[in-house]
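can't give you the sequence, but here's the structure:
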């Protein structure tokens, strides 16, 4: 009887210890979260330089880094140093419908390179006849897409401008959403502000 009593008391103590060592916090675990990124109000500066046959407005947060012109193209970058964002821009003078088609196809190939990482694409046409602006924007959705926003704009006869947004960090577009949305709005403003010479 004494051995059974000792075993029974030992089991009770073990049970009490197991119950008392459990999680006393009844709250569910907190979901994964990201740091809050507050973006400033949009403000723009006119870029009017003899290096380009057009003017445009760009964000006050962005610095223009000019690259060497090659193969009849002018390359430059809008650099957002605080947010590690880059909008790579390429301008090319075109001579008619055949060259326009080639540039549109090239732009689409750049977008197509991200298809395996995207969960969907919003393609939107842009038309501003009074200013001879015709183009397309591509918003590439997905957490691991390297370039979430690309565009091209043209006057359909002489000018062609292509742009692509990149962030210099490992893609995680959920956490970068405020920065991506902000720069995408800046790119839309840039497109709308283009004025050919």
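Yep, it's here. Please read these numbers as outputs of a predicted model, since none were measured by experiment.

just checking, what packs against the top helix by length along the chain?
Identified as the longest helix of the chain according to DSSP state H is helix 2-20. Using 3 or more Cβ pairs under 8 Å, 6 or more residues apart in numbering; DSSP states H and E, no helix or strand is in contact with helix 2-20. Bear in mind the C-beta positions are built from the backbone N, C-alpha and C, glycine included.

past the helix or strand of the chain with the lowest mean pLDDT, which element shows up next along the chain?
Within the chain, no helix or strand scores below helix 2-20, which has a mean of 73 by mean pLDDT, DSSP states H and E. Remark: after helix 2-20, the chain's next helix or strand is strand 44-47, criterion DSSP states H and E.

what mean pLDDT does the helix or strand following that following strand get?
Per DSSP H and E, the first helix or strand lying C-terminal to strand 44-47 is strand 54-59. Mean pLDDT, strand 54-59: 98.

strand 54-59 - contacts with which helices or strands?
strand 44-47, strand 73-80, helix 177-193, strand 195-196.

can you list the strands that it pairs with?
strand 44-47 (antiparallel), strand 195-196 (antiparallel) (DSSP bridges).

dump the helices and strands packed on strand 54-59 to a markdown table, plus distance to residue 160, mean neighbour count and mean pLDDT.
Formatted as a markdown table, the helices and strands packed on strand 54-59 follow (distance: least, Cβ to Cβ, whole Å; neighbours: other Cβ atoms under 10 Å; pLDDT from 0 to 100):
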| stretch | distance to residue 160 | mean neighbour count | mean pLDDT |
| --- | --- | --- | --- |
| strand 44-47 | 17 | 14 | 98 |
| strand 73-80 | 9 | 18 | 96 |
| helix 177-193 | 13 | 18 | 94 |
| strand 195-196 | 11 | 15 | 98 |
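
pipe the ones you listed into JSON lines and attach distance to residue 144 per row.
Shown next, in JSON lines, are the helices and strands packed on strand 54-59 (distance: least, Cβ to Cβ, whole Å):
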{"stretch": "strand 44-47", "distance to residue 144": "31"}
{"stretch": "strand 73-80", "distance to residue 144": "21"}
{"stretch": "helix 177-193", "distance to residue 144": "13"}
{"stretch": "strand 195-196", "distance to residue 144": "36"}
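
and of those, who's closest to residue 128?
Closest of the helices and strands packed on strand 54-59 to residue 128 is helix 177-193, at 7.0 Å (criterion: Cβ to Cβ).

list the contacts of that closest one.
Outside of helix 177-193, the residues within contact range by Cβ atoms under 8 Å, 6 or more residues apart in numbering are 37-39, 42, 44, 55-59, 61-62, 78, 80, 83, 85, 87, 126, 128, 133, 135, 137, 139, 148-149, 151, 153, 163, 165, 167, 173.

repeat for stretch 95-102
Residues contacting stretch 95-102 (Cβ under 8 Å, 6+ apart): 94, 154, 156, 157, 158, 160.
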